[in-house]
Structures are given as C-alpha cells and as structure tokens.
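Novice: generate a structure from the sequence data that follows.
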Amino acid sequence: MNTSVAWINDYLDSPVSAEKQADLLTRAGFPTEHAETVSLPDGSTDVRQDIEITSNRGDCLSHVGLAREIAAMSGHKLKEPQPKPKATGPSAASLISVTNREHRACPLYTARVIKGVKVGPSPAWLANRLLARGDIPRNNIVDASNFVQFELGQPTHAFDFAKVKGSKIIIRKAAAGEQFLPLGEGAVELKLHADDLVIADAERPIALAGVKGGGLSAVTVSTTDLIIEAATFAPASVRAASRRHGIASDSSFRFERGVSAGQIHEAADRLVELILQVAGGTLCEGVVVDGAPITNRAQLSLRGDRCRAILGVPVTDDQVTEALDRLGFEPRLMNGVVHVTVPVQRLDITREIDLIEEVGRMYGLEKIPQAESIAIRVTAPQPTELARRAVNQTLVGLGFVETVTHSLINEAAAAAFLPPDLQALRVADERAKAEPVLRPSILPSLLRVLAFNRDNGNHDVRLFESASTFAMLGSQHLEQVNVAIMLPAADAEAGMREMRGVIDRLAQLLLGDAGEVLVEELNRFPWFSSGASLRVQGKMLGTMGVLAPKTLSLFGLNQTVVAAEVGLPQFYGSYPPETESRPLPSFPAIERDVSAVVQDRLRWIEVKSALNLLKLQHIEGVDFVTTYRGKQIGVGRKSLTLRLRFCADDRTLKHEEVDVQMEQVMETLKTRFKAEIRS
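Specialist: This is a model prediction of the structure:
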C-alpha cells in the first residue's frame, strides 16, 4: 500500500522519519518495497513509501493502522481521530429507508444524510495528503471519502440524494442480466450476474456492493444533498463480483481482506465530520441501519508458559502483558494467564497462537534465537497414505500407467459424463474460458491421454488416476475422490472380465475377505454402451463398463475401451485390513464341481450366498469356475459351473461323507433356482 510519511505522523505524538518508519514497520512484519520523495503543489515535500501488507492484516491497509504498529514498536503514543459530528437537521429515517435483504453478504449497512453541501475543490491539506499517496483529487466529497478509506481502512461511499429513486436503499442480489453503469470515465454498462450483490434504489442498481459505485448516482458539482454509505460486505461475495466483472478497486481490495462491522460507525462519523468541514451542509439526525447486531469483541486467553515454550525465549508474564497492551488488547494478568479483549479491527486474531505471534513481534523476531539443528522423529505413514501406495503399486504391477491431469475440462466432455441428476460446476475465471468446468468424472481426462498416446503410436496403454470429481446437486457442492481405471480391449467381454478382476483385486487388497464386490447391471449412464454398478459392504463403490462409441468419438477414438471409476479412497482409512492366519490343512481336501443350467439373469453372488447359508459340514470354500452360453443351453439360460472344496481338520474325508453334503447343494439349486443339473 502506498503511504505518506507525513500522513502517518499525523497520528503519532511526535514525528518519525521516513527511514525510521520503514525500519519499525519492517521489524513489525511490513517491509518497505519502494520509497520516493514527492513534491507537492504548495512547494512542500513528502515521502511516499510502498508498504507490503500481508493478506491477513487488512487493519494495516490504513495510515492509522500503520501508525498503531509504529507506536507499538517504538513507544510513541497513538493519536487516533475522535470524530464528534453534530446533527442539526431532521431525522434521516424520515427522508430515506434502508432494506437489507442479504444479511450474510452484507452483515451491516448504515446510511446518513447530509443536506446543503457545496461540491468543489478540496482544501490544500486534503488534496496534498491524497497526492502524496499517489491519488488524484476529484472534489471535496469524493476526496473526503477516499481520505477516510486510507486513514481508517473503512471504505465508504457518497450518493447524490436526488438521484436515488424513491429515496430507498435496498441491498439485494442482482437480477440475471440486469444493467449497471459503474463510475469512471469511459465506463460501459455491465450485465450483472444473479450472484452479484448490489446496492439499489427503488428502480435500479446504484452500486456493485463493495466493488464500485454507480455512475447514475454519482456526486457532481450540482449535488447538494448526500446519502453517506458505510457498510461491510462478505469477502467472498466482493471477491467473486470483482473477478467476475474484471473490476478492482481500493474498496474491493479492503473488503476482500475483511472489514470489521465494529469500525463502521467510527468511520462514518469521521467522514461526515470531514464533509461538514470541507463542503458545509447540515447533518440529519440519526443513522438508518439494517443488518445483524454488532457482536461483542472476542475474549481470548494466553498462558505465559505456553508463550515461552513456543517462542523459546524467557519472556516474563509482565513483558507479555506490556506487549499486548501496546497493541490495544487491554490485557489482564491473572495467575500466569493473560486475558485479552481483541480490538475490533484485528479480524486475524482468533486463537492463543495468534496472541503468541503478536508477543513475538513486539519482543523482536530478530531477538529470538535460531537453533542450528533440530531433532526430528520421522513418523510412520498414515493408513490413508499406505493404502494409496498399495493401490497404485498394484495397478502398476498389473500393467497400468498413472496419469496426473488437470481438473478443468471443456463443456462437451463434462456434459458427456454428467449423471442425469447432477449439474456441472463451473469456475468464473477468464483464464478458464476454453475449459471452465470442474470435471464430474476422471474418465474424460483419461480418454484425452489415451487419444494422445494413440496418435503417437502407443495403442495399448492402460491408464489410471486418483483425483477429485466435482458436481452440483441443486445448491449443494459435491466433491469426491475416485480412482479411474481404463484399458483398451480386444473385445468387450474379455475387457469386462479383466476389469472385474482388477476391481476384485483392489477391493480385496483394501478390505480383505470382506471386500467381495457385488455387480449389478446399470443402464442409466449414457457414456457406457453396457455398464454395471459396483457395491461393497453395502456401500456404493462405483461403476464400470464398455464406453459407448458416441462417447469415444468425442475424443477421436474408435476402439473398444473398458473403464471403471470407483470410490476406493473411502476405504483407505481402515487400511490394512484385519487378517487371520490359519495353518495349512494336514489332510487332503475333496473338490466337487457342479454344472447347473439356470436363468441368465441369475447372479453368482445369489448362488454363493444361498450355498453359504446351508453351513455344510467341512466346507472350505465355494468358488465360481465358469459360465457357458450356447445353442445347447437355450435362449435366456446359461450353464454355471461352481466348485466346492471340503476338508476335515482331524482326518481324511471319505467320498461318502461329501456325497451327503452335495445332495443338499443340488437340492438347493433345483428348488431355489429351478436349476437343471448337468453334472
């Protein structure tokens, strides 16, 4: 921020040289980027310094804020303005009304009325302060508003009362496509977005809230009556509107970093007092307000022992108290704990550690010794990291190549992979014009990589990626981390079998014996020509299928591609799975194969579950072997072959013992599934 050395000195009990100001502010954490001497119209000179302000210290985007830091660092006394404007006019509430429909975006809005002002050039002292900072004086009203902004850090605005239709101020969201003409020479009308917060009168927007005033209500030489706005706006709302319309201002810069509602009335009083001083007029009685009540100042505590442990220096409790007192925290020391009341402008102070940082700054960061070496104990990787590595290593071992792609894709690719009940999530950024959508699926990104490899002669590359996917469900923002897997296949059936094997392997890796995947036919996602949903432990795992030719054509591909997108990361936290070790059997097992003709729609999991419920004696496992479909079987039917394995712990089983169990198996297949036993 550009500052004037003389302007900062206005708020100190004695002047501090430019070099000393720069040194003290640097020690406080605000280094000087540039300094130059400025010649002013009355023949005097000043020094303009560009001070770097961190994004969390919006309170220092003002001359009083920087003077407060200098006073705290040096022992000087701070002389803050004490405005006491006198109201002699009629009630402001009888002249205007304020309606705030958006308390979250505009926590507090205040309006005052001044009648009978005379707009003209600013007095030399006011113009010189702005010129020293690098600003161009406009007129006494605008200059007074800018002066207060750079003095106290609170943006304000003055409307021409006569141009505010209906004498109404309404804080509301804009209508989509609504027109707004901002202030400034050569300004052109904007088409507003439905998310824009505006200050409107009875007919139209007169300001883009927190960003820019409107040209249709601007103060001119013919203005006589004013409405003075002082408000605070949600940083996210201001930032979004500023980026959306490509408009940045000193006001938006401050609101984006946070302006406390607790300093609004003080700043408005200061502005009103200045206007009465430089432009005359009559202040109307009262303030017209709409918004949430101003919250009480935050109360925090700081343990002296904790402060010493963090800073690593023997700072005493009295030194801690004195340091915080210099910064205006009103500290109270009781039994080794300092209790403070956070100043209204310090929105960055929310925790004990923040107070410790303040003590460190006042003590002198340069006095805190730096250890030449520190002892570090390397902790074991977290389960989630171990699981991620295990999944990646398994896929690499199966011949897949990991990719890292951008999360933004184009509209066509996003639409092709958007589930019917969700909406695309777009970013409002000029740099993302060609690809403005946060991907609802990782598969379009993998298809681009697949097409690139195909164009460069690598036709059979197998790909996987772990990344976030995004979508909107109504007004709810959805984000999920998935693993996407893609493999080109000679034919669809072989590719699906292989992909199923990959999914089963990964589920078993993460969940052990509990990782049995349930596959169900799925037709609701148009990017698959044939697909399936996957469930494990009763939870939705994801989908797999053969990508449709229409989907592939978007990426210039015409081969068979099988893909899956699964939410494996939801199970990473419980990795590794619990396992049970058993001794190898001491006696040989007996295996029996059964082939049964069943309905084609019958799923293997249903058969296996039914046989497990029999709780057969000495059973060790029920495994799928193969499926056969053909003319001999008939349409709508298939031959399912399964293998049962029996083993006893204390002896070699006899075939007669197994025959009894097998009779139960075949009876269940016949009665439960209307099966025809082939062998």
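Novice: burial of residue 80, as a residue count?
Specialist: 14 (other CB atoms under 10 Å). Quick note: C-beta positions are derived from backbone N, CA and C, even for glycine.
Novice: residue contacts, it?
Specialist: Taking CB atoms under 8 Å, 6 or more residues apart in numbering, we find residue 80 in contact with 11, 64.
Novice: how about residue 635, secondary structure?
Specialist: When classified by DSSP: H, G, I helix; E, B strand; the rest coil, residue 635 comes out as coil.
Novice: look up phi and psi at it.
Specialist: Main-chain torsions, residue 635, degrees, to the nearest 10: phi -70, psi 140.
Novice: let me know the pLDDT of it.
Specialist: Listed pLDDT for residue 635 reads 90.
Novice: check residue 430 too.
Specialist: Residue 430 is given a pLDDT of 69.
Novice: would you map out the domains in this structure?
Specialist: The chain breaks down by automatic domain parsing into domains covering 2-74, 89-291, 299-365, 383-574, 590-677.
Novice: now the first one: how far from the chain's centre is it?
Specialist: What separates the centre of domain 2-74 from the centre of its chain is 34 Å, taken as CA atoms, centre = their mean, to the nearest Å.
Novice: and what of the shortest one?
Specialist: Computed by CA atoms, centre = their mean, the chain-centroid distance of domain 299-365 equals 30 Å.
Novice: one more: the longest one?
Specialist: The gap between where domain 89-291 is centred and where its chain is centred comes out at 29 Å by CA atoms, centre = their mean.
Novice: now swap in the last one and tell me
Specialist: Domain 590-677 sits 53 Å away from the centroid of its parent chain (CA atoms, centre = their mean).
Novice: measure residue 312 to residue 409 for me?
Specialist: Distance, residue 312 to residue 409, by CB to CB, to the nearest Å: 49 Å.
Novice: quick one, which of these two is more surrounded?
Specialist: Shown here are residue 312 and residue 409; by other CB under 10 Å, residue 409 has more neighbours (25 against 12).
Novice: I'd say the more buried one and residue 437 touch.
Specialist: Yes: applying CB atoms under 8 Å, one finds residue 409 in contact with residue 437, separated by 5.7 Å.
Novice: so where's the chain uncertain?
Specialist: 430, 432 (pLDDT under 70).
Novice: tell me where the stretch 451-600 of the chain has strands.
Specialist: With strands called from DSSP state E, counting those that start in this stretch, the stretch 451-600 of the chain shows them at 462-473, 476-488, 517-522, 528-536, 539-547, 561-566, 590-599.
Novice: return the most buried member of those strands.
Specialist: strand 561-566 (a mean of 25; mean count of other CB atoms under 10 Å).
Novice: now it against strand 462-473, angle please.
Specialist: 50 degrees (axes from the mean of the first three to the mean of the last three CA atoms, to 10 degrees).
Novice: remind me what strand 561-566 packs against, helices and strands.
Specialist: Here strand 561-566 touches helix 443-455, strand 476-488, helix 492-511, strand 539-547, going by 3 or more CB pairs under 8 Å, 6 or more residues apart in numbering; DSSP states H and E.
Novice: redo the ones you listed as JSON lines? Include distance to residue 463.
Specialist: Shown next, in JSON lines, are the helices and strands packed on strand 561-566 (distance: least, CB to CB, whole Å):
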{"stretch": "helix 443-455", "distance to residue 463": "5"}
{"stretch": "strand 476-488", "distance to residue 463": "5"}
{"stretch": "helix 492-511", "distance to residue 463": "12"}
{"stretch": "strand 539-547", "distance to residue 463": "13"}
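Novice: closest to residue 69 out of these?
Specialist: Shortest separation from residue 69 across the helices and strands packed on strand 561-566 is recorded for strand 476-488, at 38.6 Å, computed as CB to CB.
Novice: relative to strand 561-566, how tilted is the closest one?
Specialist: Using the same axes, to 10 degrees: strand 476-488 against strand 561-566 is 140 degrees.
Novice: SS state for residue 638?
Specialist: strand.
Novice: can you pull out the strands in the stretch 1-150 of the chain?
Specialist: Using DSSP E, counting those that start in this stretch, strands in the stretch 1-150 of the chain cover 2-4, 32-39, 45-51, 89-91, 97-100, 108-115.
Novice: mind listing the strands the third one pairs with, and their directions?
Specialist: Strand 45-51 has these partner strands in its sheet, going by DSSP bridges: strand 2-4 (antiparallel), strand 32-39 (antiparallel).
Novice: can you give me the buried ones in the longest one?
Specialist: If I follow you right, that is strand 32-39. Across strand 32-39, burial judged by 16 or more other CB atoms under 10 Å covers 32, 35, 38.
Novice: still on that earlier bit, redo the strands of the stretch 451-600 of the chain as TSV? Include distance to residue 94.
Specialist: Formatted as TSV, those follow (distance: least, CB to CB, whole Å):
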stretch	distance to residue 94
strand 462-473	46
strand 476-488	45
strand 517-522	67
strand 528-536	66
strand 539-547	62
strand 561-566	64
strand 590-599	83
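Novice: what's the closest of the ones you listed to residue 442?
Specialist: Judged by CB to CB, the one of the strands of the stretch 451-600 of the chain that comes nearest to residue 442 is strand 476-488, at 3.6 Å.
Novice: residue 265 against residue 110, yeah?
Specialist: Yes: at 6.9 Å, residue 265 counts as touching residue 110 under the criterion of CB under 8 Å.
Novice: and the strands of the stretch 1-150 of the chain as CSV, adding distance to residue 213?
Specialist: As requested, those are exported to CSV (distance: least, CB to CB, whole Å):
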stretch, distance to residue 213
strand 2-4, 21
strand 32-39, 27
strand 45-51, 26
strand 89-91, 24
strand 97-100, 17
strand 108-115, 14
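Novice: what sits against the closest residue to residue 451 other than its chain neighbours?
Specialist: Closest residue to residue 451 apart from its sequence neighbours, by CB to CB, 6 or more residues apart in numbering: residue 555 at 4.7 Å. Taking CB under 8 Å, 6+ apart, we find residue 555 in contact with 413, 444, 447, 448, 450, 451.
Novice: now do residue 74
Specialist: 16, 20, 24.
Novice: point out the ones among those residues that are inside helices.
Specialist: Mapping these onto helices (DSSP state H) picks out 20, 24.
Novice: pull out the buried members of the contacts of residue 74.
Specialist: Here, 16+ other CB under 10 Å leaves 16, 24 buried among the contacts of residue 74.
Novice: of the contacts of residue 74, which is the nearest to residue 588?
Specialist: residue 24 (88.0 Å).
Novice: quick one: contacts for the closest one?
Specialist: Applying CB under 8 Å, 6+ apart, the residues contacting residue 24 are 16, 69, 70, 73, 74.
Novice: just those residues now: which is nearest residue 654?
Specialist: Out of the contacts of residue 24, the member with the shortest distance to residue 654 (by CB to CB) is residue 69, at 92.3 Å.
Novice: which residue packs closest to the closest one, ignoring adjacent ones?
Specialist: residue 28 is the one closest to residue 69 (CB to CB, 6+ apart), at 4.6 Å.
Novice: what sits against that neighbour?
Specialist: 69, 70, 72, 73, 361.
Novice: reformat the residues you listed as TSV; add distance to residue 458 and neighbour count.
Specialist: Converted to TSV, the contacts of residue 28 look like this (distance: CB to CB, whole Å; neighbours: other CB atoms under 10 Å):
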residue	distance to residue 458	neighbour count
69	60	26
70	64	24
72	64	21
73	63	19
361	57	17
